[in-house]
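Participant: Could you work out the structure for the sequence below:
(2 chains)
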Number of protein chains: 2
Amino acid sequence: MSFKLTKQSEKSKARRGEFVTAHGVIKTPFFMPIATKAAVKTLSTADMEKLGAQILLSNTYHLYLRPGMDVIESYKGLHNFMSWGKPILTDSGGYQVFSLSKMRKITEEGAEFASHIDGSKHMLTPELSMKVQQTLGSDIVMAFDECTPPDYTEDQLDESIARTTRWAKRCKESFEHNLDSSNNPNAQLFGINQGATSESRRTAHAKELVKIGFDGYAIGGLSVGEPFDEACKVVEKLHEVLPEDKPRYFMGGAKPHEIVAYVKRGVDMMDCVIPTRNARHGLMYRFLHDDLDKEDFYETVHITNEKFKDDKTPLLQSHGVIETGFDEELERYTLGYVRHLFSVDEMLAYRLITLINVRFYLELMERIRTSIDASSL
Amino acid sequence: MSFKLTKQSEKSKARRGEFVTAHGVIKTPFFMPIATKAAVKTLSTADMEKLGAQILLSNTYHLYLRPGMDVIESYKGLHNFMSWGKPILTDSGGYQVFSLSKMRKITEEGAEFASHIDGSKHMLTPELSMKVQQTLGSDIVMAFDECTPPDYTEDQLDESIARTTRWAKRCKESFEHNLDSSNNPNAQLFGINQGATSESRRTAHAKELVKIGFDGYAIGGLSVGEPFDEACKVVEKLHEVLPEDKPRYFMGGAKPHEIVAYVKRGVDMMDCVIPTRNARHGLMYRFLHDDLDKEDFYETVHITNEKFKDDKTPLLQSHGVIETGFDEELERYTLGYVRHLFSVDEMLAYRLITLINVRFYLELMERIRTSIDASSL
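Facilitator: Residues are numbered from 1 along each chain as shown, chains lettered A, B, ... in the order given. Now for the predicted structure:
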């Protein structure tokens, strides 16, 4: 398991590499489509292969509650359960505990929460998060952290970051202890950096994490409403502190032009619900031109708009940057037809636009990689 | 355009044939998956090709209301709109007017109704039904009839059947008048037989329809709650009256063993919402053995049952009777995984079971055709 940088752009901090995992090599920078509950919404893992996805991201919190770890253990992990042979990254469950559950209480031990499904009480600790992710057989296991809310006082923020550091240590110990008997003995563990938009807190925390030592480093607690340029500054600052030879993961993702911005600041990995969630609202992404350095390189199309009712433009217009097993299918359906499918609430509508949007994000990453190779980004 | 019988079973009235349409030859007997609103629920027409469907059935009533005929005309018909190059049969709209709309009033002219979407008033006449179906460019156009409700008195029934006969004549005249300028100059027109479960009314009406002369004959007004053996008797009786050299269509379909029963009584065409609608409720069809003559040749599996939570049985177990482009995908997902998808309400669940069920019905028809060729049915 290793991370190898293959190219450093001469124009920015963007970097190309290869990230070796227990389920194959991933070309970096890369994007992770989100299979929250063991499926990318509307799509199968066979579909994800046809689209050329390199990796999927699944949710510890959701899978812990349903189907539960007894079922996952009987399958010997999530790869078998959802029939996906490529890498999987799982989040730690922390973010969902803090954002979804009705009740939560944070102690040194962990986070007590009530399930959003049935109100049942659970306690998620660093050790349980490791246990669950290692039962899932995840290739990239995320440390259990607290995503600090924007209303924390300075003191609460410091306290939370210090606890996240202590939790990170416990995660590493527990992860290593479980490794050989887990469903993925070659899993890797990532630490998660916190510190809101404070550059000094961010760098101090990053140094603590590097001291503990992880296989990769994630930037957490951003994309939660802060101004975009502040997120960029945090990423820039962390570039100076995080080890060059480890992958960097910007968590909780971004719009297409934001992805470009983070990559230019040295980020290797991203995830985002945007392509799949927006698809279900009829919002579709399309490239406008090749210059990723300009923010207007893409547009969003509200396909439910009446003006498309007899528009014969195909969903996919040929680009030639990537080829996927769905291109032919996406070229045969027109905006007018898919607008109709939305208007009569046919599930096929959500599926077709999800395919288009995931394909767009995957093509975006390929365009980014090619641009870095050419030092044009 | 023709219908050619290629084999008469020595064991029953079942028959094999080839039905030539403007969009290709269909092997009979055949089943029509239902693309109500220009899409088989959860599936694309590309998916239907991969499954090996020979023909799709779409709804005049629904498509007339949405997207409306201006949109369909701009596409020069439904084939282009939904990107489907094989045959399409459209119903007349009559059944939906009688079952879906809030208000309806039948006169000699036609049926006045209020849209189930916005309450807007419309009048569907034999002439408008032809016009709409010929704008859709349907290959098999259905005459506009009244599906007689079970609470009709004898007099109302007679009156309704006589009117359906008069409407059938108007349909034929209008259909022929439009033909050359329509979106499908090689379309064929089917008459629809009514008469509830009265054998004398059924045969008398069938003779009237044959006198008018149609490209095929449909048996309407059944599968509406009457005992199965009464439906069988009607089909048997009609076998004696309907011309041997024209296709016979049992409308509004049937469970798998009922399909076999109708085929054995000389039926060539069927449709049914069962495989797609039941799929969305987690009901899945599986073959148990090869003997179609025994009613228990299949089973229904309620995949949402907790007992399947860690069941590693693949959705599709190899049969070798037909091969479809989805077999590999359906063999890789297990009952336990798909049960989970249902429990967390992932749309993929509906899609996977729809694929399985449509595939089942298509395989059933292939098994039926093979059995007729061997005179074993």
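Participant: just checking, next helix/strand downstream of the helix or strand of chain A with the lowest mean pLDDT?
Facilitator: Comparing every helix and strand of chain A by mean pLDDT, DSSP states H and E singles out helix A:94-99 as the least confident one, with a mean of 85. As assigned by DSSP states H and E, the chain's next helix or strand after helix A:94-99 is strand A:104-106.
Participant: returning to what we had before: for the least confident helix or strand of chain A, name the packing helices and strands.
Facilitator: Here helix A:94-99 touches helix A:60-65, strand A:111-114, going by 3 or more Cβ pairs under 8 Å, 6 or more residues apart in numbering or on different chains; DSSP states H and E. The C-beta positions use only the backbone N, C-alpha and C, and glycine is treated the same way.
Participant: Could you look up the SS state of the spatially closest residue to A:Arg351 that is not a sequence neighbour?
Facilitator: The spatially closest residue to A:Arg351, leaving aside those adjacent along the chain, is A:Thr42, at 4.2 Å (Cβ to Cβ, 6 or more residues apart in numbering or on different chains). A:Thr42 carries the three-state label coil when classified by DSSP: H, G, I helix; E, B strand; the rest coil.
Participant: what sits against the residue in the stretch 151-300 of chain A that chain B sits nearest to?
Facilitator: Using Cβ to the nearest Cβ, the point where the stretch 151-300 of chain A gets nearest to chain B is A:Arg280, with a distance of 9.0 Å. By Cβ atoms under 8 Å, 6 or more residues apart in numbering or on different chains, A:Arg280 lies in contact with A:Lys41, A:Thr42, A:Tyr350, A:Ile353, A:Thr354.
Participant: Equivalent analysis for A:Ser223, please.
Facilitator: Applying Cβ under 8 Å, 6+ apart, the residues near A:Ser223 are A:Ala231, A:Phe250, A:Met251, A:Gly252, A:Gly253, A:Ala254.
Participant: which secondary structure element contains the fifth one?
Facilitator: Here A:Gly253, judged by DSSP H and E, is contained in no helix and no strand.
Participant: Chain neighbours aside, what residue packs nearest to it?
Facilitator: Of all residues not flanking A:Gly253 in the chain, A:Cys272 sits nearest, at 2.6 Å (Cβ to Cβ, 6+ apart).
Participant: give me every residue that touches that neighbour.
Facilitator: The contact partners of A:Cys272, taken as Cβ under 8 Å, 6+ apart, are A:Phe31, A:Ile34, A:Gly252, A:Gly253, A:Ala254, A:Ile259, A:Tyr361.
Participant: likewise A:Val25?
Facilitator: Neighbouring residues of A:Val25 by Cβ under 8 Å, 6+ apart: A:Glu18, A:Phe19.
Participant: what do you get for A:Gly282?
Facilitator: A:His302, A:Ile303, A:Thr304, A:Phe342, A:Ala349, A:Ile353.
Participant: at 7 Å what do you get?
Facilitator: Counting by Cβ atoms under 7 Å, 6 or more residues apart in numbering or on different chains, A:Gly282 makes contact with A:His302, A:Ile303, A:Thr304, A:Phe342, A:Ile353.
Participant: By neighbours, which of the residues you listed wins?
Facilitator: A:Ile353 (28 neighbours; other Cβ atoms under 10 Å in any protein chain shown).
Participant: A:Arg369: what secondary structure?
Facilitator: In terms of secondary structure, A:Arg369 is helix; the call rests on three-state DSSP.
Participant: For burial, what's the neighbour tally of it?
Facilitator: Using other Cβ under 10 Å, A:Arg369 is surrounded by 21 other residues.
Participant: Looking at the contacts of A:Gly282, which is nearest A:Glu49?
Facilitator: For the contacts of A:Gly282, the residue nearest A:Glu49 by Cβ to Cβ is A:Ile353; the value is 19.6 Å.
Participant: Please look at that closest one and A:Tyr285 and confirm they touch.
Facilitator: No: in this structure, A:Ile353 is not within contact of A:Tyr285 by Cβ atoms under 7 Å, at 9.2 Å.
Participant: Now the residue nearest to A:Glu366 when sequence neighbours are not counted: phi and psi?
Facilitator: Leaving out its chain neighbours, the residue that sits closest to A:Glu366 by Cβ to Cβ, 6+ apart is A:Ile322, at 4.9 Å. With angles defined as degrees, to the nearest 10, A:Ile322 shows backbone torsions of phi -130, psi 160.
Participant: And for A:Arg201?
Facilitator: phi -70, psi -40.
Participant: what sits against it?
Facilitator: For A:Arg201, the residues meeting the contact criterion (Cβ under 7 Å, 6+ apart) are A:Leu157, A:Ile161, A:Gly195.
Participant: now with 8 Å?
Facilitator: Contacts of A:Arg201 by Cβ under 8 Å, 6+ apart are A:Leu157, A:Asp158, A:Ile161, A:Gln194, A:Gly195.
Participant: Sort out which one of those residues lies nearest B:Arg367 for me.
Facilitator: Nearest to B:Arg367 among the contacts of A:Arg201: A:Gln194, at 61.2 Å, using Cβ to Cβ.
Participant: Validate this expectation: A:Leu189 resides in a helix.
Facilitator: No: applying three-state DSSP, one finds A:Leu189 to be strand, outside a helix.
Participant: how close does it get to A:Lys121?
Facilitator: With the distance defined as Cβ to Cβ, to the nearest Å, A:Leu189 ends up 27 Å from A:Lys121.
Participant: Show me the helices in the stretch 251-377 of chain A, by range?
Facilitator: Counting by DSSP state H, counting those that start in this stretch, the segments of the stretch 251-377 of chain A that form helices are A:256-264, A:274-280, A:327-332, A:335-343, A:347-373.
Participant: contacting residues for A:Val71?
Facilitator: A:Phe81, B:Lys309, B:Asp310, B:Gly336, B:His340.
Participant: oh, I was asking about A:Lys172
Facilitator: Neighbouring residues of A:Lys172 by Cβ under 8 Å, 6+ apart: A:Ala143, A:Leu189, A:Ile212, A:Gly213, A:Phe214.
Participant: Could you identify the most distant pair in the residues you listed?
Facilitator: Pairwise across these, and taking Cβ to Cβ, the largest span is found between A:Ala143 and A:Gly213, at 11.7 Å.
Participant: higher neighbour count, those two?
Facilitator: When A:Ala143 and A:Gly213 are compared for neighbours, A:Ala143 comes out ahead with 30 against 11, by other Cβ under 10 Å.
Participant: Excluding chain neighbours, what is closest to A:Phe19?
Facilitator: Nearest-residue entry for A:Phe19: A:Ile26, 4.5 Å, with adjacent residues in sequence omitted and distances by Cβ to Cβ, 6+ apart.
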